[in-house]
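Participant: With the sequence up front, the predicted model follows.
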Amino acid sequence: MTNFSYKDFILTDPAPANPLWKLAAAAVVAVASVIFAANAANAANAENK
């Protein structure tokens, strides 16, 4: 790694070439949103009792 350069890192980085990482990121955000919504709904139900 003596001749390592940032350009080589960009070219060998799998993220830009692989669209699945976008799907994975979207799935993580969606799951987090669902969990947050469920927690908010549970809190609202607890307050209404």
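Facilitator: Noted; the coordinates are in hand.

Participant: Tally up the residues packed near L23, please.
Facilitator: Using other CB atoms under 10 Å, the number of residues around L23 comes to 10. The C-beta positions use only the backbone N, C-alpha and C, and glycine is treated the same way.

Participant: actually A30, not the one I typed
Facilitator: Count around A30 with other CB under 10 Å applied: 10.

Participant: what sits against it?
Facilitator: Not one residue lies near A30 by CB atoms under 8 Å, 6 or more residues apart in numbering.

Participant: helix or strand for it, which one?
Facilitator: Using DSSP states H and E, A30 sits within helix 20-48.

Participant: which intervals of the chain have sub-threshold pLDDT?
Facilitator: 1-18, 49 (pLDDT under 70).

Participant: and if we set it to 80?
Facilitator: Applying pLDDT under 80 to the chain flags residues 1-22, 47-49.

Participant: What separation is there between A46 and V34?
Facilitator: Distance, A46 to V34, by CB to CB, to the nearest Å: 19 Å.

Participant: same check, this time on E47
Facilitator: Counting by CB to CB - E47 and V34 are separated by 21 Å.
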